[in-house]
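[1] What would the 3D arrangement of this be:
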Amino acid sequence: MNVGAKVTSIGTAPFNNIPTLTTVGVDAANSHFMSGGGVLLTKAADLVIQYPAGRPNNRYELPSTVKAIGERAFVNAANLKEITLPQVLDTIGGLAFGSAGL
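    Numbering: from 1, shown residues only. This next block holds a predicted model:
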């Protein structure tokens, strides 16, 4: 999955119903979003929008800049067993980890 350069709004958990999705890419020219190692984040890397459900990793360390985890951001991430949260994290959206392997 790749988010184009002109995308300015993406909504909540835009790709959580794609169980085979392993990475989300973002065009480098996009001024609103970025891909942090295949995970969809805001350009400022302060909000996790979507962790790909099919990602094979069993551990994930959020970037130290992440202040919020979006609603349903980790839904269906069955392989994920451990997540490291940054000290600046202050908001976790509803059902952020629903059906995750955690």
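[2] which residue packs closest to Glu61, ignoring adjacent ones?
    Spatially, and ignoring its direct neighbours in sequence, Glu61 is nearest to Thr84 (4.1 Å; Cβ to Cβ, 6 or more residues apart in numbering). Quick note: C-beta positions are derived from backbone N, CA and C, even for glycine.
[3] Number of residues surrounding Ala29?
    Applying other Cβ atoms under 10 Å, we find 8 other residues in the vicinity of Ala29.
[4] Mind pulling up the pLDDT for Gly38?
    Here, the pLDDT recorded for Gly38 equals 96.
[5] quick revisit: how near is the residue nearest to Glu61 to Pro14?
    Thr84 sits 24 Å away from Pro14, going by Cβ to Cβ, to the nearest Å.
[6] These two: who's more crowded?
    Pro14 (18 against 9).
[7] Now do the strands in this protein.
    Along the chain, counting by DSSP state E, strands occupy 2-3, 25-26, 33-36, 39-42, 47-50, 59-61, 68-69, 82-84, 91-92.
[8] how about those strands, which one is nearest Pro19?
    strand 47-50 (13.0 Å; Cβ to Cβ).
[9] taking the mean pLDDT, what do you get for the closest one?
    Averaging pLDDT along strand 47-50 gives 98.
[10] Could you list the low-pLDDT ranges of this structure?
    In the prediction, the chain carries residues with pLDDT under 70 at positions 101-102.
[11] Please enumerate the helices of it.
    For the chain, applying DSSP state H gives no helices.
[12] Give me the most central residue, it.
    In the chain, the centroid-proximal residue (Cα atoms, centre = their mean) is Gln50; its distance is 2.7 Å.
[13] can you tell me which residues contact that one?
    Ala13, Pro14, Phe15, Asn16, Val24, Val39, Leu40, Gly70, Ala73 (Cβ atoms under 8 Å, 6 or more residues apart in numbering).
[14] so can I have JSON lines of those showing distance to Phe97?
    As requested, those are arranged in JSON lines below (distance: Cβ to Cβ, whole Å):
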{"residue": "Ala13", "distance to Phe97": "12"}
{"residue": "Pro14", "distance to Phe97": "17"}
{"residue": "Phe15", "distance to Phe97": "16"}
{"residue": "Asn16", "distance to Phe97": "11"}
{"residue": "Val24", "distance to Phe97": "18"}
{"residue": "Val39", "distance to Phe97": "14"}
{"residue": "Leu40", "distance to Phe97": "16"}
{"residue": "Gly70", "distance to Phe97": "11"}
{"residue": "Ala73", "distance to Phe97": "8"}
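[15] I am finished for the moment; much appreciated.
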